[in-house]
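Engineer: sharing a model prediction with you, sequence too.
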Amino acid sequence: MKVVIIGANGQLGVDLSLVFTAQNWSVVQLTHRNIDVSLCDQVDSALGSANADLVINTAAFHKVEQCENEPVQSFAVNAIGPRNLALACQRHNAVLVHFSTDYVFDGNRREPYTESDLARPLNVYGVSKLAGEGMVGLTWERSLVVRTCGLYGVAGSSGKGGNFVETMLRKAAERNPIRVVDDQVLTPTFTGDLAHAVSELVRTEDYGLYHVSAEGQCSWYEFARKIFELEGLRVDLKPVSTAEFPSPVRRPAYSVLSKRKLRSIGIEMPSWEEGLGRYLTARKLKTQTIKAVSS
Ligand SMILES: NC(=O)c1ccc[n+]([C@@H]2O[C@H](COP(=O)([O-])OP(=O)(O)OC[C@H]3O[C@@H](n4cnc5c(N)ncnc54)[C@H](OP(=O)(O)O)[C@@H]3O)[C@@H](O)[C@H]2O)c1
């Protein structure tokens, strides 16, 4: 079985490549240098020559502030891109997995959002991702749209340059006071755990929309506190409100995704605390390997 992974050097792309390789898939890794998903001809020729059974699209334009100022580019990558991929997958009869976001919701609820809850994004990024979901569902029935939340992976987000855990650890090393918002609640998700769940999901051939994030919930402040606790670091960490960090972009105050549908097909996600522990171990192994190779 052959899988094409688009956005292969992003944090999710790297972990998907590892998981599918370990499961004996033939893995074709395409980065932004090889393919621009917003360009229909490039997508069609890349997928035409790949002859894949499965295409996984992790490519996104997801710097939310930049999306707000560049709606045309947001829609080109996050909505037209998935449409191009869905059309090409239909033409070449490959299953498509596409990722979306918790930011399709407005955050007014206080209990986990299900797949059938009304999506009402608060920003251009969310609107463009919701349009991408629609394009995929509209175009190709053998497709999976996976909404996820708060990703962090050992490769670091290629689009955002790092991830929240690394930012917190860097700030702790600088020994400055750290202030983190305590009124945005989410579920941080390790990309290794998400990649495993996706590899199980594609085997079900049960297509459609799924919420896939870790179990549980926390604020960004609680997430930071757990990082420092697990690393045994004493840090001057204080909670602050979103209002104290003015931003031109509105973000949902609550974006926890219900995994009831995922569980109903037999796929369980670990808690966010377990995922964080696994991530911290994986990043240490990576550092040790780099040191061993360079010494
Ligand atoms: N990160 C999060 O917290 C989060 C939360 C919810 C949902 N998601 C969704 O999860 C997915 C994966 O996110 P991630 O954190 O793994 O992102 P990432 O690390 O930034 O990886 C995205 C990859 O897509 C590539 N890319 C960007 N524009 C492209 C284009 N036009 N054509 C082809 N490739 C392009 C990037 O390459 P370059 O960097 O070289 O441009 C990068 O390799 C995305 O769909 C995102 O919307 C992410």
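Structural biologist: The structure has been received and is ready for your questions.
Engineer: show me what Leu237 is bridged to.
Structural biologist: Ile178 (DSSP bridges).
Engineer: and the chain, which of its residues are near the ligand?
Structural biologist: By C-beta under 6 Å from any ligand atom, the residues of the chain that approach the ligand are 6-7, 9-13, 31-32, 35-38, 58-62, 77, 81, 99, 101-102, 148-151, 157-160. The way it works is simple: take the backbone N, C-alpha and C, and place the C-beta from them, glycine included.
Engineer: run the last query once more with 5 Å
Structural biologist: Applying C-beta under 5 Å from any ligand atom, one finds that the chain approaches the ligand through 7, 9-12, 32, 36-37, 58-60, 62, 77, 99, 101, 148, 151, 157-159.
Engineer: filter those down to the buried ones.
Structural biologist: Neighbour-count burial (16 or more other C-beta atoms under 10 Å) applied to the residues of the chain next to the ligand gives 7, 9-12, 32, 36-37, 58-60, 62, 77, 99, 101, 148, 151, 157-159.
Engineer: take those and keep only those in helices.
Structural biologist: 11-12 (DSSP state H).
Engineer: which single residue of the stretch 1-150 of the chain ends up nearest the ligand?
Structural biologist: Among all residues of the stretch 1-150 of the chain, Gly10 sits closest to the ligand, at 2.0 Å; criterion: C-beta to the nearest ligand atom.
Engineer: Gln90 against Thr139, yeah?
Structural biologist: Yes: using C-beta atoms under 8 Å, Gln90 is in contact with Thr139, at 6.3 Å.
Engineer: between those two, who's got more neighbours?
Structural biologist: Thr139 (18 against 15; other C-beta atoms under 10 Å).
Engineer: that one contacts Arg83, correct?
Structural biologist: Yes: if you go by C-beta under 8 Å, Thr139 and Arg83 touch, sitting 6.1 Å apart.
Engineer: for the stretch 51-200 of the chain, which spans come out with low pLDDT?
Structural biologist: 158-161 (pLDDT under 70).
Engineer: any chance you could map the strands in it?
Structural biologist: 54-57, 95-101, 143-148, 151-152, 178-181, 185-186, 189-190 (DSSP state E, counting those that start in this stretch).
Engineer: quick check: which of these is nearest to Ser294?
Structural biologist: Closest to Ser294 of these, according to C-beta to C-beta: strand 151-152, at 24.6 Å.
Engineer: not counting that closest one itself, show me its contacts.
Structural biologist: 11-12, 157, 163-166, 188-191, 194, 279 (C-beta atoms under 8 Å, 6 or more residues apart in numbering).
Engineer: make TSV out of those residues and add distance to Glu115.
Structural biologist: As requested, the contacts of strand 151-152 are arranged in TSV below (distance: C-beta to C-beta, whole Å):
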residue	distance to Glu115
Gln11	24
Leu12	20
Ser157	25
Asn163	26
Phe164	25
Val165	28
Glu166	31
Pro188	20
Thr189	17
Phe190	22
Thr191	21
Leu194	16
Tyr279	26
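Engineer: which two among those are spaced furthest apart?
Structural biologist: Taking C-beta to C-beta, the two most distant members of the contacts of strand 151-152 are Glu166 and Leu194; they sit 17.6 Å apart.
Engineer: so for these two, which sits in the more crowded spot?
Structural biologist: More crowded of Glu166 and Leu194, by other C-beta under 10 Å: Leu194, with 26 against 16.
Engineer: OK, contacts around that one?
Structural biologist: With contact set as C-beta under 8 Å, 6+ apart, Leu194 has these partners: 12, 15, 146, 148, 151, 212-213.
Engineer: Pro248 contacts Glu65, doesn't it?
Structural biologist: Yes: between Pro248 and Glu65 there is a contact under C-beta under 8 Å: 6.6 Å.
Engineer: the two - which one has more neighbours?
Structural biologist: Glu65 (13 against 9).
Engineer: check contacts around the more buried one.
Structural biologist: Here Glu65 is in contact with 247-249 (C-beta under 8 Å, 6+ apart).
Engineer: the same query, at a cut-off of 6 Å, please.
Structural biologist: By C-beta atoms under 6 Å, 6 or more residues apart in numbering, the contact set of Glu65 is Val249.
Engineer: can you check Asp206 too?
Structural biologist: Neighbours of Asp206 in contact, by C-beta under 6 Å, 6+ apart: Ile265.
Engineer: how about the helices in the stretch 51-200 of the chain?
Structural biologist: 64-69, 71-75, 81-92, 124-139, 164-174, 191-204 (DSSP state H, counting those that start in this stretch).
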